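Novice: Prediction below, plus the sequence it came from.
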Amino acid sequence: MKIVFTGGGSGGHFYPIIAVAEEVREIAKEEKLVEAKLYFLSTTKYNERALFDQGIEFVPVTAGKLRRYFSIKNIPDILKTFWGVLRAIWTLYKIYPDVVFGKGGHPSFPVLVAARLLRIPIMIHESDTVPGRVNRIASKFATRIAVSYPETAKYFDSKKVAYVGNPIRKSMVNLDNAPTDTFLKLEPDVPVILILGGSQGAEKINDAIMQMLPQLVSKYQVIHQTGKLHFDSLQSRAGVILESNDNKNRYKPLSYLNEKALVSVASKSSLIISRAGSTIFEIAAWGVASIIVPIADSNGDHQRRNAFSYARSGAAIVVEEKNLSPNILLAEIERVLGDRSVMIQMGEKAHQFARPDAAHKIAQELIHISLEHE
């Protein structure tokens, strides 16, 4: 059994693939199937250690961007994509997998086209409420289509599509097994706000937090993932703002939270402030109330659409960037944490929205397609 995974070079594409690969391994072991050979075809390894841990072989591909607008860069990118398809055909011919799983993103396009030309079954997964361009094209010849949001199904053939949620690694789901906090030394009776700006940070969120920092630490502990780019400046800025504040130790900036640290902190959080990427699904699985601040100019407005889809479940509040100010953000924080029943209800709605078995369902379908193809 051979399965090829392909997707773009972001964590939102990569980590769901790792989650599915993990489940493929477990199902094959439980059902005593032949050990699966897994491959990841993309323009970048993204996280070499994660690939190694799951026994996934990386094979580089060439791909150009698929722009929706005219640009002189389209000319070399079209040539690059054409060359990428030819290379992908040769690569897939040598591997000859039983199924190809696509997560979207322009690096997956040559691989999916090559799979189509070689008549290899294809399954795709769409993480956003509105499908990306590559998945829209691939859906025409895909065998199965999985989606993260229920409203996304309307864009695809109803006979092929299934609402399963977004795949999440098992280690990220269960907060009951979260490591004990030993490095942050949190106060046990003071609510914790976790701010997730992504690996690059979120400058507008960071600025709003800095402006209301004294008010926040008077009531709450703030764990702030700043992003490596902004860590030094924010740490210095916070030091000046809180220099004579008795609660200055309640603000804890961190450039990055690894998997174990993130799960540990999430297990102690009363509220999470985040962007509207794939982190939404982790927050839902954790069952924590959240305030979502979508990126205003995300491709296809997908972050804003994702945020409002999640908020309609009752699990989150959306604050758009154009409305983001210290006063508004502080008012929303107080609305959630000022009434424990609101916080608890939002956490329950988050759990209801979550689909922690998404990776398992996708893995089962990939194995089913693989065995039929053999």
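Specialist: It's in. Numbers count the residues shown, from 1 in each chain.
Novice: after the helix or strand hosting residue 329 comes which helix or strand?
Specialist: Assessed by DSSP states H and E, residue 329 sits inside helix 326-337. Per DSSP H and E, the first helix or strand lying C-terminal to helix 326-337 is helix 340-353.
Novice: residue at max distance from the center of this protein?
Specialist: residue 244 (38.5 Å; Cα atoms, centre = their mean).
Novice: And it, how close does it get to residue 214?
Specialist: 10 Å (Cβ to Cβ, to the nearest Å). Every C-beta, even on glycine, is put in place using the N, C-alpha and C of the backbone.
Novice: that older thread, tell me the buried residues in the helix holding residue 329?
Specialist: Buried residues in helix 326-337, counted by 16 or more other Cβ atoms under 10 Å: 326, 329-330, 332-333, 336-337.
Novice: That one - contacts with which helices or strands?
Specialist: Contacts defined by 3 or more Cβ pairs under 8 Å, 6 or more residues apart in numbering; DSSP states H and E place helix 326-337 against helix 203-211, helix 213-219, strand 271-274, strand 289-292, strand 316-318, helix 340-353.
Novice: that older thread, tell me the SS of the residue farthest from the centre of the chain?
Specialist: Three-state assignment for residue 244 (DSSP: H, G, I helix; E, B strand; the rest coil): coil.
Novice: Quick check: phi and psi on it?
Specialist: phi -110, psi 20 (degrees, to the nearest 10).
Novice: same question, residue 43
Specialist: Residue torsions, per degrees, to the nearest 10, at residue 43 are phi -80, psi -10.
Novice: quick one: contacts for it?
Specialist: 9, 60-63, 107 (Cβ atoms under 8 Å, 6 or more residues apart in numbering).
Novice: Throw together a ChimeraX command that grabs the buried residues out of these.
Specialist: Only the buried entries of the contacts of residue 43 go into this ChimeraX selection, using 16+ other Cβ under 10 Å:
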select :61,62,63,107
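Novice: Just the ones in strands from the contacts of residue 43, please.
Specialist: Per DSSP state E, strands hold the following members of the contacts of residue 43: residue 60.
Novice: Pick out the most distant pair among the contacts of residue 43.
Specialist: With Cβ to Cβ as the measure, no two of these lie farther apart than 9 and 62, at 12.8 Å.
Novice: can you redo the helices and strands packed on helix 326-337 as JSON lines with mean pLDDT, mean neighbour count and distance to residue 79?
Specialist: Putting the helices and strands packed on helix 326-337 into JSON lines (pLDDT from 0 to 100; neighbours: other Cβ atoms under 10 Å; distance: least, Cβ to Cβ, whole Å) gives the following:
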{"stretch": "helix 203-211", "mean pLDDT": "91", "mean neighbour count": "19", "distance to residue 79": "36"}
{"stretch": "helix 213-219", "mean pLDDT": "97", "mean neighbour count": "17", "distance to residue 79": "51"}
{"stretch": "strand 271-274", "mean pLDDT": "97", "mean neighbour count": "24", "distance to residue 79": "39"}
{"stretch": "strand 289-292", "mean pLDDT": "98", "mean neighbour count": "26", "distance to residue 79": "39"}
{"stretch": "strand 316-318", "mean pLDDT": "98", "mean neighbour count": "23", "distance to residue 79": "41"}
{"stretch": "helix 340-353", "mean pLDDT": "97", "mean neighbour count": "16", "distance to residue 79": "43"}
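Novice: The nearest residue to residue 132 once chain neighbours are set aside: neighbour count?
Specialist: In space, residue 132 comes closest to residue 104 once its chain neighbours are excluded; the distance is 4.7 Å by Cβ to Cβ, 6 or more residues apart in numbering. Neighbours of residue 104 under the rule other Cβ atoms under 10 Å: 26.
Novice: Can you tell me how far residue 104 is from residue 17?
Specialist: 11 Å.
Novice: Return every residue with contacts to both of the two.
Specialist: Joint contacts of residue 104 and residue 17 (Cβ under 8 Å, 6+ apart) are residue 7.
Novice: hmm, who's touching the helix holding residue 329?
Specialist: 191, 193, 208-209, 211-212, 215-216, 219-220, 270-271, 273, 289, 291, 317, 319, 342-343, 346.
Novice: Could you point out which of the helices and strands packed on helix 326-337 sits nearest residue 21?
Specialist: helix 340-353 (24.3 Å).
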